[in-house]
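Novice: coords please:
(2 chains)
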Amino acid sequence: MPWQRWKERCIESAITVCGISSILLVALIFLFLLKEGLVLFRTVSLGDFLGGRHWYPISEPAQFGILPLILGSCWVTAGAVMLSVPIGIASALFVSEVATGWPKDVLKTGIELLAAIPSVVLGFVGLAVLAPFLKYTFHLSTGLTALTGSITLALMAIPTIVSITEDALTAVPRGYREAALALGATRWQFMWRVLLPAASSGILAATMLGIGRVIGETMAVMMVTGNAAVMPHTLLQPVRTMTATIAAEMGETVRGSEHYVALFAIGIVLFIISFMINMLADLFLHRERT
Amino acid sequence: MAHEPWRRALMIQRVAMVVLFLATFLVVLPAVIVIGLIFVRGAGAISWTFLTSMPTEGMRAGGIFPAIIGTLELVGLTSLCALPMGVAAAIYLTEYAADNQLTRLVRLAIVNLSGVPSVVYGLFGLGLFVIFCRFGTSLVAGSLTLAIMILPVIITASEEALRSVPKSFREVSLSLGASRWQTVRHAVLPFAVPGIMTGTILGISRAAGETAPILFTVAAFYLPRLPRSLFDQAMALPYHLYVISTQIPNIPVRQRYGTALVLLLLVLSLNLVAVILRARFRRKRQW
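Specialist: Alright, predicted model coming up:
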């Protein structure tokens, strides 16, 4: 019997360690980014890093201004959000409120399929199909632009937005619907004036998580945005995002070099951004529950 | 005349429904186009030789065998690491954790872990496993990185599965004198297995398709042989697709579509298994 109890205590402490390991992992990730990245600020000031307009990591002297990369991420994200949020919310409404029976199942499966496609495959199709199409439509010199990235990334954000919005819509109490319809509202009036406002904080959370998805995306965006580290002015020019810079350049750096360290510093910026976005989304989700 | 506003409202409703339908169509259509395109253009490239031979002529010809094997090995190792840890964490959260600040912190950490950009996981894996632990660019480093990335998926799914087991199961077991762990082990866990499996498979399918975390931790640009040990580099399907579609000029298009099709088939079939499992479980559930 004591052996039994000893065994159980071992298992239970292992479970506890695994349980709180998530906290440890988040801390560990941040720690290692700091450990490798903070060295940069011995030679480059924070202002020059965040506000510098030139990213020339391998010229002499090297310049590590990530403003064009931040703006690149912002442009691509803004475009993707403008496309994916309205479409995502509308299709969540349609799937959860309008569609019934087998069409509903087909549509849900379609959206799940979209979520399952790996980002590198979407990037590949964006490169092979979407880029030539945009180049032809807008008479551009290259089809690899911020807009190409926005459209590709919108496709990746939409499943996230749809599923969280759907959850928010289903969480609205039944009584709201019955009251609105009993008062003579049409189904659309109910959806527009009752359902959407009632689910608004969940929808906001869905939007935040969609943004988080887009800003952290790497492969697709690296393949279709043209990767020019310049200050962007329109959606129809090549840009380079923070994520793509890390992924594209890390392979060519020497460990411990200034360039290597600078890429980790970009990682810190990305980590902080995603941290804030997730906190905000979580806040909205909890406000809804209480 | 009294019917006028009502008629107008119905008109607006009709227009709104059309708009909603079009939006949904805009979501499903690209999925169908992407998958259809890859199936149609990639099917011609698939052959026994393509699947089972080494790439040749700088990846312009030959097969993708090492990339397929590399991805399968990565996926296997990843689930070996992530599954026990994820399930244990979920058991902690549902069966042991008190409703206090620490638990709230754990939940926040999981939310954050699931939002960390994949390329940042890559940086982390490079810093911790490749350099600090001296694993080098290797299967171990890559699968540990991927395991941490899919951990939140597994935890969330397992938690949901464990919570769906009715409370009375636990009460009966405890009232018969079973210990807490015996209750979890024999009265709760067996009934949560299908849900846990579904979540795990979805996590694995994500790991199979991800590229950014393996860029600096395991992926070999061109390695026409199989990995010799856990500490060897490996090719992987998603990275191979990235390489042949952007890094090397003059690759036959069918080679690219063929690789994309194999990757897509792998990921979609994993998803299909998860969906079937979930559906069967729901139908069979008796409580």
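Novice: From here on, just use CA atoms for contacts and neighbour counts.
Specialist: OK.
Novice: correct me, but residue A:95 touches residue A:107?
Specialist: Yes: at 7.1 Å, residue A:95 counts as touching residue A:107 under the criterion of C-alpha atoms under 8 Å.
Novice: what is in contact with those two at once?
Specialist: residue B:24 (C-alpha atoms under 8 Å, 6 or more residues apart in numbering or on different chains).
Novice: And residue B:234, its phi and psi?
Specialist: With angles defined as degrees, to the nearest 10, residue B:234 sits at phi -150, psi 150.
Novice: tally of neighbours for it?
Specialist: Taking other C-alpha atoms under 10 Å in any protein chain shown as the neighbour definition, residue B:234 ends up with a count of 32.
Novice: Ok, residue B:45 next?
Specialist: Using other C-alpha under 10 Å as the criterion, residue B:45 is surrounded by 20 other residues.
Novice: Then it would be within a helix, right?
Specialist: No: note on residue B:45: no helix contains this position according to DSSP: H, G, I helix; E, B strand; the rest coil, which reports coil.
Novice: show me what contacts it?
Specialist: Contact partners of residue B:45, counting by C-alpha under 8 Å, 6+ apart, are B:254, B:255, B:257, B:258.
Novice: now the helices for chain B?
Specialist: Using DSSP state H, the helices assigned to chain B run over residues B:4-43, B:48-52, B:65-91, B:101-115, B:118-125, B:139-163, B:167-175, B:180-183, B:189-209, B:212-215, B:237-242, B:253-284.
Novice: list the helices and strands the first one packs on?
Specialist: Going back to what we said before, that points to helix B:4-43. Helix B:4-43 is packed against helix A:67-93, helix A:101-116, helix A:146-170, helix A:187-190, helix B:253-284, with contacts defined by 3 or more C-alpha pairs under 8 Å, 6 or more residues apart in numbering or on different chains; DSSP states H and E.
Novice: The third one close to chain B?
Specialist: Yes: against chain B, helix A:146-170 shows contacts by C-alpha under 8 Å from any C-alpha of the partner chain at A:155, A:158.
Novice: hmm, back to that, right, so of the helices of chain B, which gets closest to residue A:29?
Specialist: helix B:118-125 (5.8 Å; C-alpha to C-alpha).
Novice: who's in contact with the closest one?
Specialist: The list of residues contacting helix B:118-125 from outside it, by C-alpha under 8 Å, 6+ apart, reads A:29, A:32-33, A:216-218, A:243, A:246-247, A:264, A:267, A:270-271, B:141-142, B:144-146, B:149, B:210, B:212-217.
Novice: quick revisit: list just the nearest of the contacts of residue B:45 to chain A.
Specialist: When the contacts of residue B:45 are compared for distance to chain A, the smallest value, 8.9 Å, is given by residue B:257; criterion: C-alpha to the nearest C-alpha.
Novice: Skipping adjacent residues, who's closest to the closest one in space?
Specialist: Closest residue in space to residue B:257, ignoring its immediate chain neighbours: residue B:42 at 4.4 Å, by C-alpha to C-alpha, 6 or more residues apart in numbering or on different chains.
Novice: again with residue B:226
Specialist: Distances taken as C-alpha to C-alpha, 6+ apart place residue B:66 nearest to residue B:226, at 5.6 Å, with adjacent residues excluded.
Novice: Quick one: name the residues of the stretch 101-250 of chain B near chain A.
Specialist: Of all the residues in the stretch 101-250 of chain B, those in contact range of chain A (C-alpha under 8 Å from any C-alpha) are B:105-106, B:108-113, B:115-121, B:123-124, B:127-128, B:181, B:205-206, B:209-212, B:215-216, B:238, B:241-242, B:245-246.
Novice: Which residue, other than its chain neighbours, is closest to residue B:214?
Specialist: Counting by C-alpha to C-alpha, 6+ apart, residue B:214 lies nearest to residue B:142, which is 5.5 Å off, once chain neighbours are set aside.
Novice: My error: substitute residue A:119 in the last question.
Specialist: Taking C-alpha to C-alpha, 6+ apart as the measure, residue A:119 lies nearest to residue A:220, with 5.5 Å between them; neighbours along the chain are not counted.
Novice: For the stretch 151-287 of chain B, which residue gets nearest to chain A?
Specialist: Nearest to chain A, among the residues of the stretch 151-287 of chain B, is residue B:209, at 4.8 Å (C-alpha to the nearest C-alpha).
Novice: That residue contacts residue A:219, correct?
Specialist: No: with the criterion set as C-alpha under 8 Å, residue B:209 and residue A:219 do not qualify as a contacting pair; they are 10.7 Å apart.
Novice: where do the contact lists of the two overlap?
Specialist: Jointly contacting residue B:209 and residue A:219 under the rule C-alpha under 8 Å, 6+ apart are A:119, A:120.
Novice: Comparing the two, which shows the higher neighbour count?
Specialist: Using other C-alpha under 10 Å, the more surrounded residue of residue B:209 and residue A:219 is residue A:219, with 27 against 24.
Novice: I figured that one hits residue A:123, correct?
Specialist: Yes: contact criterion C-alpha under 8 Å: residue A:219 and residue A:123 qualify, at 6.8 Å.
Novice: quick one: residue A:221 from chain B, how far?
Specialist: In this structure, residue A:221 lies at 11 Å from chain B, with C-alpha to the nearest C-alpha, to the nearest Å as the measure.
Novice: Run a quick neighbour tally on that residue.
Specialist: By the measure other C-alpha under 10 Å, the count of residues near residue A:221 is 33.
Novice: May I have the residues that are in contact with it?
Specialist: Contacts were defined as C-alpha under 8 Å, 6+ apart; by that measure residue A:221 touches A:123, A:149, A:152, A:153, A:241, A:244.
Novice: So residue A:118 is in contact with residue B:209, correct?
Specialist: Yes: with contact defined as C-alpha under 8 Å, residue A:118 counts as touching residue B:209 (4.8 Å).
Novice: any shared contact partners between the two?
Specialist: Common contacts of residue A:118 and residue B:209 (C-alpha under 8 Å, 6+ apart): residue B:267.
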